[in-house]
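J.: Just the structure for this:
(one chain, ligands or ions: 2)
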Amino acid sequence: MTSEAVVTTRGLTKRYGSVVAVADLDLEVRKGEIYAFLGRNGAGKTTTIRMILGLIRPDAGEVRVFGPTADSAHPEWLRRVGSLVETATAYPNLTVRENLDLHRRYTGAPARAVPDVIEQLGLAPVADRRAGQLSLGNKQRLSLARALVHAPALLVLDEPANALDPAGIVEIRQLLRSLADGHGTTVFVSSHILVEVAHLADRIGIVHAGRLIEELDREALIAAARTFSAEQLTDQQRADALLGLELERYFLARTDEGPR
Ligand SMILES: Nc1ncnc2c1ncn2[C@@H]1O[C@H](COP(=O)(O)OP(=O)(O)OP(=O)(O)O)[C@@H](O)[C@H]1O
Ligand SMILES: [Mg+2]
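T.: Numbers count the residues shown, from 1 in each chain. Ligands and ions are numbered 1, 2, ... in the order given. Prediction:
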């Protein structure tokens, strides 16, 4: 594929004392694709995302977002990127609507964007509640809404499925797919569950101990799931395949040193 790269990292490295959180990481996320960054707890996902967003500085290597001259401190850059990183960032004493309106104003999005995104994320029933009083799942929806409200060209989402119920996970998956397919939005999304992203991503990068150990495209994913030939499957294996456990084992086998 020769599609233009929206995010490129070269030799990206971050250390915390003796811990190497991210080690010599080379990534390329292409325009309009959904790239899932998959790894266990402590693998280095959030640290990578923080560096991509310019929130922390790498010890070595470089990040390019939208090409070599783009500056992550520039307001125009912020308009083109929507992000969600670990903790919720809403003002607890403002309502859902007020939080979103604040964000859309400083990103220069039209007023109409707020009711639209409230609708899109199913936040209508809680739109006039204070953010601090929301359930965990609705806080997550608000964070997602905030990432989306200004229709960014690039979405960088750290474990967006956290705290969502299964129906919510499917909803978000469909939303991200429709943004990528319908608007050419580029999506970089982290997860620690392979099956969660197996049906969503165009490509999956597996990160372990700060290193990218494997990249899978759709075909490689299907091959990974096809561990047994149909006749040999036991009922248990069939059930596992249905639940995606087979894929999960594939992921665990690739990262079987366990979490740090
Ligand atoms: N501010 C920090 N100070 C010290 N160590 C840190 C810091 N941030 C991250 N680390 C360490 O860097 C490594 C990678 O952490 P990171 O948060 O990037 O992992 P993660 O893949 O996001 O994990 P999780 O799935 O739990 O969110 C871990 O060993 C972690 O303890
Ligand atoms: Mg993390």
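J.: what's the model's confidence in the stretch of helix or strand residue 97 belongs to, averaged?
T.: With secondary structure defined by DSSP states H and E, residue 97 is part of helix 96-106. For helix 96-106, mean pLDDT is 96.
J.: What of stretch 8-20?
T.: Stretch 8-20 comes out at a mean pLDDT of 97.
J.: which residues are contacting that stretch?
T.: 21-29, 44, 47-48, 51-52, 56, 58-64, 209-210, 260 (Cβ atoms under 8 Å, 6 or more residues apart in numbering). Using the backbone N, CA and C atoms, a C-beta is placed for each residue, glycine as well.
J.: ok, and for the next helix or strand after the helix holding residue 97, which residues are buried?
T.: The element immediately downstream of helix 96-106 (helix or strand, assigned by DSSP H and E) is helix 113-120. Buried positions in helix 113-120, judged by neighbour count with 16 or more other Cβ atoms under 10 Å: 113-114, 116-118, 120.
J.: quick one on the thing from earlier: using CSV, write out every CA atom in the helix holding residue 97.
T.: Provided in CSV are the C-alpha atoms of helix 96-106 (Å, rounded to 0.1, in the frame of the first residue of the first chain):
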residue,chain,number,x,y,z
VAL,A,96,-21.8,17.1,29.5
ARG,A,97,-23.1,19.7,27.1
GLU,A,98,-21.1,22.6,28.6
ASN,A,99,-17.9,20.4,28.6
LEU,A,100,-18.4,19.6,24.9
ASP,A,101,-19.3,23.2,24.0
LEU,A,102,-16.1,24.5,25.7
HIS,A,103,-14.0,22.0,23.7
ARG,A,104,-15.7,22.7,20.4
ARG,A,105,-15.3,26.4,20.9
TYR,A,106,-11.5,26.3,21.3
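J.: burial of residue 87, as a residue count?
T.: 8 (other Cβ atoms under 10 Å).
J.: dump the residue contacts of it.
T.: Neighbours of residue 87 in contact, by Cβ under 8 Å, 6+ apart: none.
J.: now the strands for this structure?
T.: Using DSSP state E, the strands of the chain run over 5-16, 19-30, 34-38, 60-65, 81-84, 154-157, 186-191, 203-208, 211-217.
J.: circling back to that earlier point, next, the angle from the helix holding residue 97 to helix 113-120.
T.: Helix 96-106 runs at 130 degrees relative to helix 113-120, counting by axes from the mean of the first three to the mean of the last three Cα atoms, to 10 degrees.
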